[in-house]
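**Student:** what follows is a predicted protein model with its sequence.
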Amino acid sequence: MKVFTLERVQLLPISLKEAWEFFSSAGNLSKITPPEMNFVILTKLSDAPIVAGMKIDYKVSPMLGIPLKWRTEITGVVPLQRFTDRQEIGPYKLWEHTHTFEEISGGVKMTDVVNYALPFGVLGLLGHAIFVRGKLNDIFNFRYNKLLDLFGTYKSD
């Protein structure tokens, strides 16, 4: 199984607490997902913070408008530092996304690391080269720009 890694870093002019509250609330995920993906959270969420073992069901249409069910489990939480979600049901053979937060002067450094693998062997590798890698980059580019819209541009001292 070929595992790919996508890593993104973004500096935001918000406090560590504000970043944690926004990103650890699963309900905010739809705000930073491209609208054409028709992302819908199916799980009834409370306002309680995320915890290890929490499972969240989604419906998403990443390709040709075809809806897919996706379930992730929060597999690790260190409050105000990091959390990881892992796909339990969905289109990937492996999907593990770690969100890390670090307080910096004037804001927070947010790092996303996604380790993922596709099913279908050689066909999955071909699909990655033709479509998946570009689609994931588009999703994270949208997210980056949406976060700039929501929180503004980080200005270093």
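**Tutor:** Right, received. Where do you want to start? Numbers count the residues shown, from 1 in each chain.

**Student:** tell me how far the longest strand along the chain is from the chain's mean position?
**Tutor:** If each strand of the chain is counted by residues according to DSSP state E, the longest one is strand 66-78. Centre-to-centre, strand 66-78 and its host chain are 9 Å apart (Cα atoms, centre = their mean, to the nearest Å).

**Student:** partners of that strand in the sheet?
**Tutor:** strand 55-63 (antiparallel), strand 82-89 (antiparallel) (DSSP bridges).

**Student:** go through the longest one and flag the buried ones.
**Tutor:** Put plainly, it is strand 55-63. 56, 58, 60, 62 (16 or more other Cβ atoms under 10 Å). No exception for glycine: its C-beta is placed from N, CA and C like everyone else's.

**Student:** mind putting the residues you listed in a markdown table, pLDDT and distance to residue 155 included?
**Tutor:** Conversion of those to a markdown table gives the following (pLDDT from 0 to 100; distance: Cβ to Cβ, whole Å):
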| residue | pLDDT | distance to residue 155 |
| --- | --- | --- |
| 56 | 94 | 34 |
| 58 | 94 | 34 |
| 60 | 92 | 34 |
| 62 | 80 | 34 |
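
**Student:** in the chain, which spans are strands?
**Tutor:** Secondary structure of the chain by DSSP E: the strands cover 4-12, 40-41, 55-63, 66-78, 82-89, 94-104, 107-117.

**Student:** contacts for the second one?
**Tutor:** Here strand 40-41 makes contact (Cβ atoms under 8 Å, 6 or more residues apart in numbering) with 26, 27, 29, 30, 56, 57, 58, 59, 60.

**Student:** do the fourth one as well
**Tutor:** Counting by Cβ under 8 Å, 6+ apart, strand 66-78 makes contact with 24, 38, 42, 50-62, 82-91, 95-97, all of which sit outside it.

**Student:** again, 7 Å this time
**Tutor:** Residues from elsewhere that reach strand 66-78 (Cβ atoms under 7 Å, 6 or more residues apart in numbering): 38, 50-62, 83-91.

**Student:** and what of stretch 80-100?
**Tutor:** 1, 3, 16, 20, 23-24, 50, 55, 62, 68-77, 101, 111-119.
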